[in-house]
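>>> A structural model of the following input is requested.
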Amino acid sequence: MPLPPEEALAASGVEVRAATPDDAAARAPGLGRLAPRWIALPETTGQVAALMRAAAEHGLAVVATGGGTKLGWGAPPDRCDLLLCTRRMDRVLEHAAGDLVARVQAGVPTEALAGALASSGQELALDVPVEGATVGGTLAAATAGPRRLRYGTARDLLIGITVVLADGTVAHSGGKVVKNVAGYDLGKLFTGSLGTLGVITEATVRLHPLPAARAWIGVTVPGPDALPDLAALAGSQTEPSAVEIDRPCADGPLTVAALFEGVAAAERAKAAGELLGGAPVASEPPPWWGRLPGEEFLLELRVRPAFAVPALTAVARAAREAGDLPVHVRGSAASAVLHLALPSDAAPARAGTFVSVLRSDLAAHGGRLVVWTAPADAADRLDRWGPAGAATLMRRVKERFDPGGRLSPGRLPTGGPPPEAGSGERA
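Residues are numbered from 1 along each chain as shown. Predicted coordinates:
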């Protein structure tokens, strides 16, 4: 006769406790109105596998979390019996400095990894925009900061991954060298899946040397029509690592800034500054650099790089159609990935108008708009995802990896990662 759920979970050898109303983890905003029944704190891949086998035996819904910084991204789960926290899986398992490769547990905070790698003059070049994020959470949410232009995204820097599937099966893909693998590319599937396909427990990542020097240039212009040729700047021989924009008001002035790294960074920045009308060189980034414009009501816009500047005009038009809705725009202009922050008290009807109008304008250019976070009253009325052209494929992948639909159920439209727009990023 099978053990009761709480005894089966305890038999896994993992610390499992009943969630209480006073438990901070149980009250995480990303869980919406749900409260988990149990919270588990595994320390190894084997322990995660044992937990997942026990959960499968009893049909328990499992939500994985690391630092909890992205638990609110996507829709709240429909069910959460077991909250699986990876924060004790915080070890750097291997650092092959000569090969520029590191293998780490998923619960390693990105700041801690940066400190460990810096002693060898190396880094994981992802510019994670939220303090407290873990490596596993960064992969699961597919977050990348300004330097995606030069180094790519999490998918580009991930060369090996270990995951635990819904039934407790441990699966590996890739290794310590860059190579193709037969069958599913687990790294690409799990990056951006928000825990809906399995639990990431280890990652092997490609590193880069820390740049010897950094320099920034920036200029503020009245609007998109006055912007310099950003494509020319991004592709120039000065080789910027990032080209970012910040526009606090959708119809107001905007600032464009660029980062230069490595040999002769300041000299290259000065040369590139001529493309921005003689922009001065600075040794520190602008205060807003690498930060999200807001977190309570956050949208992400992806378009083809050629449409990046017109997309700013489209955002302004949608804001006007929504009754001059205040919208803060910030992001990677050259990579055409922009984040939009709406006021947390925006009326749901106005927010809905903004999203609808902007999606309509983006559709003609192959763009995509996702609502990552929203206040509860607006979230209940918004279509978070918009048209999902790859929905059938996503559903098949979800059925293959989680046929019972028990992993973060309902967090994404079909359980799999949302299809990427033609943003020009390397996939």
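>>> ok, now which ones touch the most centrally placed residue in the chain?
Among the residues of the chain, the one closest to the centroid is T143, at 2.4 Å (CA atoms, centre = their mean). Counting by CB atoms under 8 Å, 6 or more residues apart in numbering, T143 makes contact with K70, L126, V128, P129, V130, A133, A154. Glycine gets a C-beta too; all of them are placed from N, C-alpha and C.
>>> In a markdown table, list these along with pLDDT and distance to A213.
Shown next, in a markdown table, are these (pLDDT from 0 to 100; distance: CB to CB, whole Å):
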| residue | pLDDT | distance to A213 |
| --- | --- | --- |
| K70 | 88 | 32 |
| L126 | 90 | 20 |
| V128 | 84 | 22 |
| P129 | 81 | 23 |
| V130 | 84 | 27 |
| A133 | 93 | 26 |
| A154 | 91 | 26 |
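>>> So which of those residues belong to helices?
Among these, the subset assigned to helices under DSSP state H consists of A154.
>>> so can I have CSV of the contacts of T143 showing distance to R302?
Output for those, formatted as CSV (distance: CB to CB, whole Å):
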residue, distance to R302
K70, 17
L126, 17
V128, 18
P129, 16
V130, 19
A133, 20
A154, 15
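>>> Just give me the closest of the contacts of T143 to V163.
Nearest to V163, judged by CB to CB, of these is A154 at 14.4 Å.
>>> The closest one touches L139, doesn't it?
Yes - under the criterion of CB atoms under 8 Å, A154 makes contact with L139 at 5.2 Å.
>>> anything in contact with each of the two?
T191.
>>> Could you export the host helix or strand of R400 as PDB, CA atoms only?
Using DSSP states H and E, R400 sits in helix 391-401. In PDB, the C-alpha atoms belonging to helix 391-401 read as follows (Å, rounded to 0.1, in the frame of the first residue of the first chain):
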ATOM      1  CA  ALA A 391       1.100  26.500 -29.900                       C
ATOM      2  CA  THR A 392       0.600  23.000 -31.400                       C
ATOM      3  CA  LEU A 393       4.400  22.200 -31.200                       C
ATOM      4  CA  MET A 394       4.500  23.600 -27.700                       C
ATOM      5  CA  ARG A 395       1.700  21.400 -26.600                       C
ATOM      6  CA  ARG A 396       3.300  18.300 -28.100                       C
ATOM      7  CA  VAL A 397       6.600  19.100 -26.200                       C
ATOM      8  CA  LYS A 398       4.700  19.600 -23.000                       C
ATOM      9  CA  GLU A 399       2.800  16.300 -23.400                       C
ATOM     10  CA  ARG A 400       6.100  14.500 -24.100                       C
ATOM     11  CA  PHE A 401       7.900  15.800 -21.000                       C
END
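>>> chain center to that helix, what's the gap?
Computed by CA atoms, centre = their mean, to the nearest Å, the chain-centroid distance of helix 391-401 equals 21 Å.
>>> Quick one: list the elements packing against it.
Packing contacts for helix 391-401, counted by 3 or more CB pairs under 8 Å, 6 or more residues apart in numbering; DSSP states H and E, involve no helix or strand.
>>> show me where the stretch 301-427 of the chain has strands.
Along the stretch 301-427 of the chain, counting by DSSP state E, counting those that start in this stretch, strands occupy 328-332, 337-341, 368-373.
>>> go on, the stretch 1-150 of the chain?
With strands called from DSSP E, counting those that start in this stretch, the stretch 1-150 of the chain shows them at 15-18, 38-41, 62-65, 82-85, 92-96, 101-105, 122-123.
>>> can you check the stretch 151-300 of the chain too?
158-164, 170-174, 199-206, 208-209, 214-221, 242-247, 254-261, 281-282, 298-302.
>>> Let's have these in JSON lines, adding mean neighbour count, mean pLDDT and distance to G46.
Listed next are the strands of the stretch 151-300 of the chain as JSON lines, based on neighbours: other CB atoms under 10 Å; pLDDT from 0 to 100; distance: least, CB to CB, whole Å:
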{"stretch": "strand 158-164", "mean neighbour count": "24", "mean pLDDT": "95", "distance to G46": "9"}
{"stretch": "strand 170-174", "mean neighbour count": "17", "mean pLDDT": "89", "distance to G46": "8"}
{"stretch": "strand 199-206", "mean neighbour count": "26", "mean pLDDT": "97", "distance to G46": "9"}
{"stretch": "strand 208-209", "mean neighbour count": "14", "mean pLDDT": "97", "distance to G46": "31"}
{"stretch": "strand 214-221", "mean neighbour count": "20", "mean pLDDT": "96", "distance to G46": "41"}
{"stretch": "strand 242-247", "mean neighbour count": "25", "mean pLDDT": "97", "distance to G46": "40"}
{"stretch": "strand 254-261", "mean neighbour count": "24", "mean pLDDT": "97", "distance to G46": "40"}
{"stretch": "strand 281-282", "mean neighbour count": "16", "mean pLDDT": "96", "distance to G46": "49"}
{"stretch": "strand 298-302", "mean neighbour count": "23", "mean pLDDT": "96", "distance to G46": "35"}
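>>> And those: which comes nearest R150?
Closest among these, using CB to CB: strand 242-247, at 6.9 Å.
>>> Might you report the residue contacts of P293?
When the contact criterion is CB under 8 Å, 6+ apart, the partners of P293 are D246, P248, H328, V329, R330, H339, L340, A341.
>>> any low-confidence regions in the stretch 251-400 of the chain?
For the stretch 251-400 of the chain, the stretches with pLDDT under 70 are 388-391.
>>> Can I get the strands of the stretch 1-150 of the chain in TSV including distance to G115 and mean neighbour count?
Shown next, in TSV, are those (distance: least, CB to CB, whole Å; neighbours: other CB atoms under 10 Å):
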stretch	distance to G115	mean neighbour count
strand 15-18	26	15
strand 38-41	23	22
strand 62-65	22	28
strand 82-85	22	25
strand 92-96	10	15
strand 101-105	13	23
strand 122-123	10	18
